[in-house]
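Engineer: model the following, please.
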Amino acid sequence: MTSTTDSPRALFDRLSRTDLPVRTPVLFDTACVLGGSIAGLLAARVLADHASRVLIIERDAVDSEDNLRQGVPQGRQAHVLLPGGLAQIERWLPGFTREAQDRGGVLARPDQQAVYLGGRQQVPQRNTSLLTGTRPFLESRIRSRVLALPNVSALTAQATGLEFDDGAVRAVRYAEEQQEKAIDVDFVVDAMGRSSKVSRWVEEAGFQRPKLQRLSTNINYATALFERPPGAAELPVALSFWRLAGPSEPDALVLAVEGDQWLVLLYSYEPDRPPASIGGFRETCAKLPPIFGHAVSGPPTCEVQTYRQADSRRRDFTGLARFPARLVSVGDAVASFNPVHGQGISSAALHASCLSDYLVATPPLNRPATAFFDLQAVVTDAAWALSTEADTARQDALHGTELPEDVAHHRWAMHQVLQATLVDQSISDVFTSVVHTLAHPSILAESALVERAIAANKRAS
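Structural biologist: Numbers count the residues shown, from 1 in each chain. Model prediction:
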């Protein structure tokens, strides 16, 4: 295991590696994952290397491959599988990208991607492709691969509690067909999402409850799907993001997805709402670069789906003096971000890497998983900083907050870097590597990069 004295950037780089572990000791008879989300499925894949049996307990029955679990209210909104997350999924499920493409997913090359800021296009990045598809499509591909493993199975049931013995989890209680049952376990992964009850169960059993941090976002989404003519995926742009100058206008995203469809997302912050009709979508997209108007020109394939998220949330598992052994949390149960920034799936995938790193080192299982939580915090810190910086700045502006000098300088420097992505190729590449969860955000604050950005912006002015 990497030393905890390593810098966050060094740890992030290690956790982002894509080679499979050479040594995978079997540590458990039965490991249990609570929740069949992407985070839970990837955790189950890692546990399959270390347990004789892995059981996923998921409350929502999935009747067909591409059905959406009822417990994913945002599942019909746009989801982006960033290159960092894709690399981790490909690490644990080799051939995933090719299989997704064979079933209709779209791998957008660098020249098929465009990002627009304030009406101007960023310098196109040169290095990474994006796999695009709807959330049900991506999750079902992962689910089928994980459940095909010989020692992994799933149970449709509702987890109702945990049982502890000598400071460690020893059983999971669940309700199946209105009957209360329990199963003895050797290790538990909580992947029950942002509304997970595990923190409450832990506290009720006399352990320390992780501190919950909330950051108001008050963001509203609307997503629609439209027919995409054959060959349209070869258009210059398969992925676009737009930010209008007007504060009352929604931002937008367009993705080519499976089923020969365009997925178009419009979003705005309270009190503004994106249009909830096909006509409103077309009217808004007519103001944007041509790809948006093209994407909404065909027949719609479903009704507009809306969603609202009030806040981003984070539970801090580090530094807990009393926490059960053999219990960890992953995915949204740890941190759920403003979906605009696309950090959720990739963060969950990197949590699986943290779990592998922890278990490969054969940790003392009779103690809390402190080493795991420390590794996971590196990933969560990076995603939280990247996804909350703009939201925090927005809240400060709304409330007229007077900023400390160091915070004001940092935001000014980050603005310089962001503006320079419009004119400087190397800065655009570095910025994109961070956004794509391939590099630690600290590289954006390096003095040499900021100085280059300032100079680039002066030349362009």
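
Engineer: residue ranges of the strands in the stretch 151-300 of the chain, please?
Structural biologist: Using DSSP state E, counting those that start in this stretch, the strands assigned to the stretch 151-300 of the chain run over residues 152-156, 158-165, 168-176, 179-184, 187-190, 211-227, 239-242, 251-257, 261-269.

Engineer: so D396: helix, strand or coil?
Structural biologist: Under the three-state scheme (DSSP: H, G, I helix; E, B strand; the rest coil), D396 adopts helix.

Engineer: do I have it right that it meets L403?
Structural biologist: Yes: between D396 and L403 there is a contact at 6.5 Å, judged by Cβ atoms under 8 Å. Glycine gets a C-beta too; all of them are placed from N, C-alpha and C.

Engineer: ok, those two, which is more surrounded?
Structural biologist: Shown here are D396 and L403; by other Cβ atoms under 10 Å, D396 has more neighbours (15 against 12).

Engineer: show me where pLDDT drops low in the stretch 101-250 of the chain?
Structural biologist: Counting by pLDDT under 70, the stretch 101-250 of the chain has low-confidence residues at 231-249.

Engineer: ranges for the strands of the stretch 301-450 of the chain?
Structural biologist: Ranges of strands within the stretch 301-450 of the chain are 305-316, 327-329, 335-336, based on DSSP E, counting those that start in this stretch.

Engineer: what is the burial count for A114?
Structural biologist: Residues near A114, counting by other Cβ under 10 Å: 19.

Engineer: bridging residues for it?
Structural biologist: Under DSSP bridges, the beta-bridge partners of A114 are S240.

Engineer: ok, L55 next?
Structural biologist: Beta-bridge pairing for L55 (DSSP bridges): C32, S153.

Engineer: and what of L81?
Structural biologist: L131.

Engineer: that one against T134, yeah?
Structural biologist: No: L81 is not in contact with T134 according to Cβ under 8 Å; the separation is 10.8 Å.

Engineer: any common contacting residues for these two?
Structural biologist: Common neighbours of L81 and T134, counting by Cβ atoms under 8 Å, 6 or more residues apart in numbering, are absent.

Engineer: the strands of the stretch 151-300 of the chain: which one's closest to R367?
Structural biologist: The closest of those to R367 is strand 168-176. By Cβ to Cβ, the value is 8.8 Å.

Engineer: nearest residue to the residue nearest to the spatial centre of the chain in space, please, no chain neighbours.
Structural biologist: Centroid-nearest residue in the chain: G344, 1.3 Å away (criterion: Cα atoms, centre = their mean). Nearest residue to G344 in three dimensions, chain neighbours excluded: F337, at 5.8 Å (Cβ to Cβ, 6 or more residues apart in numbering).

Engineer: Y307 too?
Structural biologist: Nearest residue to Y307, sequence neighbours excluded (Cβ to Cβ, 6+ apart): Y221, at 4.5 Å.

Engineer: count the residues that sit near the one you found.
Structural biologist: Y221 has 23 neighbours, counted by other Cβ under 10 Å.
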